[in-house]
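[1] predicted model, plus sequence, below.
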Amino acid sequence: MLLIFPPVAKPCEPPAGVALLSAALKEQGISCHVVDANIEGLLYLINSNIVPIDSWSKRALKNREKILCDLKDKALYENMDRYHQRVYDLNKLLSISVDTKRFRITLSDYSDASLSSVNSKDLLKSARLYKENPFYPFFEDKLRGKVQNTDSKFIGISLCYLNQALVSFALAGWIKDNFKDKKIVMGGGLISSWMSRPDYNDPFKDLVDVMIRGEGEQPLLELFGVKDVDKKHYVPDYDFVKDDLYIAPGKVLPFRASIGCYWSKCRFCPEKAETRPYSSQRASKVLQDLKVVDQKYAPDYIHLIDNAVTPAFLKALSKSKFGFKWYGFVRFEKEFLDPGFCHGLKLSGCDMLKLGLESGDQGVLDQMNKGTHLNFVSTILKNLHQAGILTFVYLLFGTSFEDEQSAFKTLEYIKAHEEYIDYLNLAVFNLPKFSDDAKNLDTREFYHGDLSLYLNFKHPFGWDRRQVKQFLDKTFKKQVSVGSGIRKNPAFFSSNHAVFFKKIKGNLS
């Protein structure tokens, strides 16, 4: 089988989903070839015959090769300003490699002024008009031979993010039109979310032969006649990863220790509406799988992509030592109250933890069902800081539980703890369309399209999106940035590159 991960996603590490699917197929003796068309496609555009449009793009084009080399050099990540110059130069080249009047493309985003990613008719139109897609030359030059040469009749497309949707359907249309004997299988996180809608009616049945919701290992095996395989957890197959291809200072490999979220109670979480079942393995078995990845691929970093790494697995990690460093998303659990535990994590290779705080108002956290206690958070942030572990803290503003006073409480909480916080991610809440909370609010469409997953709503306290954004831009960022040790988030790459900045402090952008 040929599995394709299409553009556009952050080009700093390989995709985990197709690596797990490949492992499942190969374990059953089924031939599988993976193509990361995201990194290959983005580099194809960056290295294309770009026509500079101003002095900035002329300079960037002249230094194109050096920019790519520098972004793979650890030395660049000692200077945030030099880093951002290189990133913005590279993004400039990418952005002008396409028709800028119609397409907007960055190192982490893609949109089309003529077509919507959440409208099934527009997605099908993208499939019909695939020759208009800026990646069409890449399809012809780099993918045609791979599709022709695969022995399998099945071509898999992994659609995980909204930024991939229009390109994924252009790819599907190109395959359908040029390879009549091939059958298209489409799955991934975004497909699962669409198929979880109660009103989903399979609008792509004439284009896509098989749509897969949820984890795809078992459905793919059944396509090949292998039935009754209950196994859910595999060691990812990264044989397709080419060294030095990704835009990162070292080899970073994603690794999933569990499926779903072990907490799964947060009222704001879209996955709660999708009722994704949680699944995990014994910590000792996960450690064995990590050792296999370490020995086979020798990564510099492991990115733990669990919704939240479990305390049990963290305890096992804290007593282990590998050849790689690692980072991942965790909850503010009581285990972090022990300084020794935090130091053990650092010794095991932990360089950064991403933590979802969401709010600095305990009342808001309680209404969210977040299960987080602010008195714990204070101690945890200090312990992680003292252990030398970077903290990337996520905040969520504009939920129906928050008002302006609560937002100011969050601001004051962050100011009181800013010396222990390395990065902040500030997000404005989007209401999941089919969540329980949506039933009790005055809602309206957020994106117009039959595949939209979020709603806008009339805030019960008058704390609407416009006011929230004004608060963040004019109050929060200004007050936190003045004299703060909180660093500026890496442009486009955010937490994926944040882990590489060990000692440099800047300001919140």
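    Thanks, I have it. Numbering: from 1, shown residues only.

[2] all strands for the stretch 51-200 of the chain, in order.
    Assigned strands in the stretch 51-200 of the chain, in chain order: 103-105, 110-112, 154-158, 183-187 (criterion: DSSP state E, counting those that start in this stretch).

[3] of those strands, flag the one that's most buried.
    For the strands of the stretch 51-200 of the chain, the largest average neighbour count (mean count of other CB atoms under 10 Å) is found in strand 154-158, namely a mean of 25. To be clear about C-beta, it is placed using only N, CA and C from the backbone, and glycine gets the same treatment.

[4] what's the angle from that strand to strand 183-187?
    30 degrees (axes from the mean of the first three to the mean of the last three CA atoms, to 10 degrees).

[5] helices or strands up against strand 154-158?
    strand 2-5, helix 16-27, helix 165-178, strand 183-187 (3 or more CB pairs under 8 Å, 6 or more residues apart in numbering; DSSP states H and E).

[6] out of these, which is closest to L220?
    helix 16-27 (6.0 Å; CB to CB).

[7] sticking with the nearest residue to F240 once chain neighbours are set aside, tell me its helix or strand.
    Excluding the flanking residues, the one nearest F240 by CB to CB, 6 or more residues apart in numbering is V34, at 3.9 Å. Assigning secondary structure by DSSP states H and E places V34 in strand 33-36.

[8] which element follows that strand toward the C-terminus?
    Next along the chain after strand 33-36, with elements defined by DSSP H and E, is helix 37-46.

[9] give me the contacts around that following helix.
    Residues outside helix 37-46 that contact it (CB atoms under 8 Å, 6 or more residues apart in numbering): 4-9, 11, 14-15, 64, 68, 90, 93-94, 97-98, 105, 107, 134-135, 137-138, 141-143, 164, 167, 171, 245-247.

[10] what's the offset of it from the middle of its chain?
    18 Å (CA atoms, centre = their mean, to the nearest Å).

[11] avg pLDDT for that helix?
    The pLDDT scores in helix 37-46 average 98.

[12] what's the answer for stretch 2-21, then?
    98.

[13] hang on, the earlier thing: I figured the residue nearest to F240 hits G17, correct?
    No: in this structure, V34 is not within contact of G17 by CB atoms under 8 Å, at 10.1 Å.

[14] can you pull the residues that touch both of those two?
    With CB under 8 Å, 6+ apart as the test, V34 and G17 both reach F5.

[15] how near is G344 to L314?
    9 Å (CB to CB, to the nearest Å).

[16] what about these two, which has more around it?
    Neighbour totals were compared for G344 and L314, and L314 leads with 24 against 18 (other CB atoms under 10 Å).

[17] what sits against the more buried one?
    V330, E335, F341, L345.

[18] report pLDDT for it.
    For L314, the predicted pLDDT is 96.

[19] sketch out the low-pLDDT regions of the stretch 151-300 of the chain for me.
    Scanning the stretch 151-300 of the chain for pLDDT under 70 picks out 272-276.

[20] same thing but at 80, please
    243, 270-277 (pLDDT under 80).

[21] which parts of it are helices?
    165-178, 189-195, 217-223, 270-274, 283-297 (DSSP state H, counting those that start in this stretch).

[22] follow-up on the earlier one: and the contacts of L314 as CSV, adding pLDDT?
    Listed next are these as CSV, based on pLDDT from 0 to 100:
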residue, pLDDT
V330, 98
E335, 97
F341, 97
L345, 97
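
[23] out of the residues you listed, who has the most neighbours?
    Neighbour max across the contacts of L314 (other CB under 10 Å) = L345, 26 neighbours.

[24] what's near enough to touch it?
    So L345 contacts L314, L317, S318, L353, A387, I389 (CB under 8 Å, 6+ apart).

[25] now it: which helix or strand?
    Per DSSP H and E: helix 339-347 holds L345.

[26] for the helix or strand just after that helix, packing partners?
    The first helix or strand that comes after helix 339-347 along the chain, using DSSP H and E, is strand 350-358. Helices and strands touching strand 350-358, by 3+ CB pairs under 8 Å, 6+ apart, are strand 325-330, helix 362-368, helix 374-387, strand 390-397, helix 495-498.

[27] repeat the analysis, applying 6 Å as the threshold.
    strand 325-330, strand 390-397 (3 or more CB pairs under 6 Å, 6 or more residues apart in numbering; DSSP states H and E).

[28] what average pLDDT does the longest one get?
    Which is strand 390-397. Mean predicted lDDT for strand 390-397 stands at 97.

[29] beyond it, next helix or strand please.
    Once the chain leaves strand 390-397, the next helix or strand it forms, by DSSP H and E, is helix 404-417.
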